[in-house]
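In: sequence and predicted model, in that order:
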Amino acid sequence: MYATHIHGRRRERGVHAHGGVARKGASLSPLQVLCCSIGAIVLIANARHALFPKESYLGSFWSTTTSKPRGVNYELHTLPVDAKAVADGDTITVYVDMVNPHESGNVPREVQEAATERIKLRAAKNYQKADALQKIILDAGYRQVPNLSGEQVLAKKYRIRLRGIDAPENSMPYGKEAKEELVNLVQGRTLKISVYDTDRYGRLVGDVECNGVFVQEHMLKKGLAWHYTAYDRRQEFAKWESQARASRQGLWALPNPEKPWEWRKVKRMRNW
């Protein structure tokens, strides 16, 4: 009994010696209250930073968040882009491997069978029959192209319209420069495309990331595209355009650059 009593007293002293629970009814000193408050503020700040990291637009618009941006329906990951696939400064043709989860279940059976048989025929050097199967594949909007490992895979073709920007048309001032810049950026590389919608021309409208670079941001900062405010009101796009204007980058070196959408409108009126 005595040993138990001594052990209990030691345990009580040990708790208080390590800053444990004070005796019932004891109050904290002002210094202790201040320290507790500061600690709570630091914990809340760290938790907020972990849950809501600050976004950075220097590399990729969505690189700091695991969730999809608002309005994005799905993502596509493309095969390496060919230089000829870039139509102008805001439109790219891409191919997506049919192993993509969004696409794999939509491939027509006859296309799958033709692609499998064509690989066998080409291996046997029966190019005449292989070419006939190739027509079936192409007519359905697909194509067999090499992947990163050099293997022939079935892929679907998409035209991509970069969301939120409008680059000069090829025949406009800085139109060729815009196209060349986009070619240099995406040629031979794979792209991640966050798809928002489909436009009236059948193109997928999306944000495009290439090798850690947000493509629309790159084009705006280079002064090779306008912020297309009629279809996109993101404030960061306006900021990037303003930065290019202030430093007279690209087309902003011109005294009064013509807006691409106005140029197209005039051209349509002339053709009536």
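Out: Looks like it arrived, so ask away.

In: give me the below-cutoff pLDDT ranges for the chain.
Out: 1-68 (pLDDT under 70).

In: quick one: the residue nearest to R143 when sequence neighbours are not counted from V145, how far?
Out: Excluding the flanking residues, the one nearest R143 by Cβ to Cβ, 6 or more residues apart in numbering is A155, at 5.6 Å. All C-beta spots, glycine's among them, are computed from the backbone N, C-alpha and C. The gap separating A155 from V145 is 5 Å, by Cβ to Cβ, to the nearest Å.

In: shared neighbours, these two?
Out: L79, Y95 (Cβ atoms under 8 Å, 6 or more residues apart in numbering).

In: tell me which of those two has more neighbours.
Out: A155 (24 against 16; other Cβ atoms under 10 Å).

In: may I have the strand or helix carrying the more buried one exported as CSV, CA atoms only?
Out: Using DSSP states H and E, A155 sits in strand 152-162. Output in CSV follows, covering the C-alpha atoms of strand 152-162 (Å, rounded to 0.1, in the frame of the first residue of the first chain):
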residue,chain,number,x,y,z
GLN,A,152,2.8,0.8,-83.7
VAL,A,153,-0.3,1.6,-81.7
LEU,A,154,-3.8,2.5,-82.7
ALA,A,155,-4.5,6.2,-82.1
LYS,A,156,-7.3,8.6,-82.7
LYS,A,157,-6.9,12.0,-84.3
TYR,A,158,-8.1,15.2,-82.7
ARG,A,159,-7.8,18.8,-83.5
ILE,A,160,-7.1,20.9,-80.5
ARG,A,161,-8.0,24.6,-80.1
LEU,A,162,-6.0,26.2,-77.3
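
In: strand partners (parallel or antiparallel) of whichever helix or strand comes after it?
Out: Next helix or strand after strand 152-162 toward the C-terminus (DSSP H and E): strand 165-166. Here strand 165-166 has these sheet partners by DSSP bridges: strand 226-227 (antiparallel).

In: ok, residues contacting the strand it pairs with?
Out: Residues outside strand 226-227 that contact it (Cβ under 8 Å, 6+ apart) are G164, I165, D166, A167, L220, F237, A238, W240, E241, K259, P260.

In: where do the helices of the chain begin and end?
Out: 2-17, 30-51, 109-123, 127-139, 175-186, 215-221, 235-246, 260-271 (DSSP state H).

In: thank you kindly, that will do.
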